[in-house]
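>>> Dropping the sequence and predicted coords here.
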Amino acid sequence: MTPSSATPKFVTLPEIRRAARERLPRDHWNFGDGAAETESSKRRNRRHLDRLAIQQNVLVDVRKIDLTTTLLGVPLTWPVAVAPMGGLVLFHPEGDVEMARGAGRGQTLQWLSGATGWPVEEVAKGGSGPQMFQLYAHGDHGWMAELLGRVEASGYKAVALTVDVQKYSRRERDVFHRFSPRAAMEVAPNPRGPLPDFQSGLTWADVEWLMKTTKLPIGLKGIMTVADARRAVDMGVRLIWVSNHGGRQLDHTHSTIEALPPIADAVAGRAEIIVDGGFNRGTDVIKALARGARVVACGRTMLWGLAADGAAGVARVCEIMRDELTINMGLCGRTRIKDLTPDLIFRAD
């Protein structure tokens, strides 16, 4: 059958990933796809998602599926966000700005990386949807305060401090090929902060400083234990981000889908929860929401959309994932996000 003129350029997520791999130089692909050392944490993220099954419920009227939700009071059309990713200039010449355009077209929340290659103001102008900011402590308190002022003035709705990069991991694909991502990123117009190792000294005192310094809601990205989650909410942190950095930091650590339920139980509604780490299908989103997340952040899948077809590719990823989510919610007999409860998910090795 000859495709009609209305046939989308891409119709499945795997072909978008293949298109990205074909277009990207080897080193750029490895930087995006790779993880720390043996890449065990990355594989575990995916393996633990795959061993979970979704209960099939029938004879429910599912003609109307409502995907709307909120995050920190910000209305969202669906519970998926573009995860913050540094080095986007390696995947598209306009990097973070083009990702903002794609997120807007996909009606999707964009979390802008603190390692953005573009000024926060330019990325804010490029997006037409809600935007939030992920902060790296690449400078001292004075440097961070100045940056946060610009973030607030640009209209970002929240700030999440990344706390799992005390040390930059050994990403062996890059090491083996003698590839320096940071050197390659220097073609982007926005320089990194002056003290990239400042984050090695971060403590809970810096979280207290952050909460006093910005008017925006504060989150912590990289929480993987109940103890850290409890301490954060006791301090008034409003967003707990369950993340192992996509397997790119500590190798041989816990998967995020397994870390999520006890953290959700410990937080007990005192903060909202976002999760990332290997989520790349609509069924993955269902599993995370049922286990306690409010929003799922997707990184590599959005990255492949950017590399394959720029903003249009990102928007197409969002469209396909949204379609998958809608269909599979209907097939498991759920019509609203709040109806995705823990009893819907079971282990089926």
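Everything's here; your move.
>>> and the residue nearest in space to the middle of the chain, what does it touch?
Centre of the chain computed as the mean C-alpha position; nearest residue by C-alpha atoms, centre = their mean is residue 83, 2.3 Å away. Listed by C-beta atoms under 8 Å, 6 or more residues apart in numbering, the contact partners of residue 83 are 111, 246, 276, 297-299, 302. Just so you know, the C-beta spots here come from the backbone N, C-alpha and C atoms, and that holds for glycine as well.
>>> before we move on, what about residue 54?
Counting by C-beta under 8 Å, 6+ apart, residue 54 has contacts 283, 286-287, 290, 328, 332, 344-345.
>>> what secondary structure does the closest residue to residue 348 other than its chain neighbours sit in?
Nearest non-adjacent residue to residue 348, counting by C-beta to C-beta, 6 or more residues apart in numbering: residue 53, 3.8 Å away. Recorded secondary structure, residue 53: strand (DSSP: H, G, I helix; E, B strand; the rest coil).
>>> Is there a neighbour count for residue 53? I'd like the number.
Neighbour count for residue 53, taken as other C-beta atoms under 10 Å: 14.
>>> Okay, and the beta partners of it?
Counting by DSSP bridges, residue 53 is bridged to residue 346.
>>> In terms of helices and strands, where is the closest residue to residue 189 other than its chain neighbours?
Using C-beta to C-beta, 6+ apart and skipping the chain neighbours, the partner closest in space to residue 189 is residue 118 (6.2 Å). For residue 118, there is no host helix or strand (DSSP states H and E).
>>> so residue 118 makes contact with residue 188?
Yes: using C-beta atoms under 8 Å, residue 118 is in contact with residue 188, at 6.6 Å.
>>> List the residues that are in contact with both of those two.
When contacts are counted by C-beta under 8 Å, 6+ apart, residue 118 and residue 188 have residue 95 as shared neighbours.
>>> so where do the helices sit in the protein?
Ranges of helices in the chain, per DSSP state H, are 13-23, 26-33, 40-50, 95-105, 120-126, 141-153, 172-176, 181-184, 204-213, 226-235, 256-267, 282-290, 300-331.
>>> Could you tell me which residues within the longest one count as buried?
Residues 300-322, 324-326, 328-331 are the ones in helix 300-331 that count as buried (16 or more other C-beta atoms under 10 Å).
>>> From the contacts of residue 83, pick the one nearest residue 235.
Set against residue 235, the nearest of the contacts of residue 83 by C-beta to C-beta is residue 111 (21.4 Å).
>>> what's around the closest residue to the closest one other than its chain neighbours, how many residues?
Take residue 111 and drop its neighbours on the chain: the residue closest to it by C-beta to C-beta, 6+ apart is residue 84, 4.3 Å away. Each residue near residue 84 was counted by other C-beta under 10 Å, and the total is 28.
>>> Go ahead and confirm residue 58 touches residue 332.
No: using C-beta under 8 Å, residue 58 makes no contact with residue 332, being 9.3 Å away.
>>> Which residues does the one helix or strand in the chain whose mean pLDDT sits lowest contact?
The least trusted helix or strand in the chain, going by mean pLDDT, DSSP states H and E, turns out to be helix 181-184, with a mean of 88. If you take C-beta under 8 Å, 6+ apart as the criterion, helix 181-184 is touched by 27-28, 31, 87, 90, 174, 192.
>>> would you list the residues you listed in a markdown table and tack on pLDDT and neighbour count?
Shown next, in a markdown table, are the contacts of helix 181-184 (pLDDT from 0 to 100; neighbours: other C-beta atoms under 10 Å):
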| residue | pLDDT | neighbour count |
| --- | --- | --- |
| 27 | 97 | 17 |
| 28 | 97 | 19 |
| 31 | 96 | 25 |
| 87 | 95 | 21 |
| 90 | 97 | 23 |
| 174 | 94 | 17 |
| 192 | 86 | 18 |
